[in-house]
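*Asks:* Structure, please.
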Amino acid sequence: MIKKIVFIFIFVIFILIYEYITMLPEPWGYFRYGWWGILHSAIVDPVILLFLLGFYKWIQWLDRKQVKIRD
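*Replies:* The predicted structure follows:
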């Protein structure tokens, strides 16, 4: 369980670094948040990653489930 939490934490750090790089001035940066900030992303990104992981697990479960086709 600790490995999963550390993995998500490290993944969020990499996402935040990428978002920070995209907000640099021209020619490196190409993205503008407006009122949204890095702190907002730091709070929301782990939640989005957990939803994405849950969706992936659900799709795997659906794929393993035997499908019956009616004639």
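*Asks:* shaky segments in this structure?
*Replies:* Residue ranges of the chain with pLDDT under 70: 67-71.
*Asks:* hmm, try it at 80
*Replies:* Applying pLDDT under 80 to the chain flags the ranges 26-34, 66-71.
*Asks:* What are the boundaries of the helices in it?
*Replies:* With DSSP state H as the criterion, the chain has helices at 2-22, 38-64.
*Asks:* Adding distance to residue 29 and mean neighbour count, write those out as TSV.
*Replies:* For every residue, glycine as well, the C-beta is placed using N, CA and C. Conversion of those to TSV gives the following (distance: least, Cβ to Cβ, whole Å; neighbours: other Cβ atoms under 10 Å):
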stretch	distance to residue 29	mean neighbour count
helix 2-22	6	12
helix 38-64	13	11
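*Asks:* Tabulate those (TSV), appending distance to residue 28.
*Replies:* What follows is the helices of the chain, written out as TSV (distance: least, Cβ to Cβ, whole Å):
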stretch	distance to residue 28
helix 2-22	7
helix 38-64	16
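*Asks:* Out of those helices, which is closest to residue 32?
*Replies:* Of all these, it is helix 2-22 that lies closest to residue 32, at 9.0 Å by Cβ to Cβ.
*Asks:* ok so, going back, out of the helices of the chain, which is closest to residue 30?
*Replies:* Of all those, helix 2-22 sits nearest to residue 30, with 5.9 Å by Cβ to Cβ.
*Asks:* Leaving out the residues flanking it, which one is nearest to the residue nearest the centre of the chain?
*Replies:* With the centre of the chain defined as its mean C-alpha position, the nearest residue by Cα atoms, centre = their mean is residue 49, 3.7 Å away. Take residue 49 and drop its neighbours on the chain: the residue closest to it by Cβ to Cβ, 6 or more residues apart in numbering is residue 8, 5.8 Å away.
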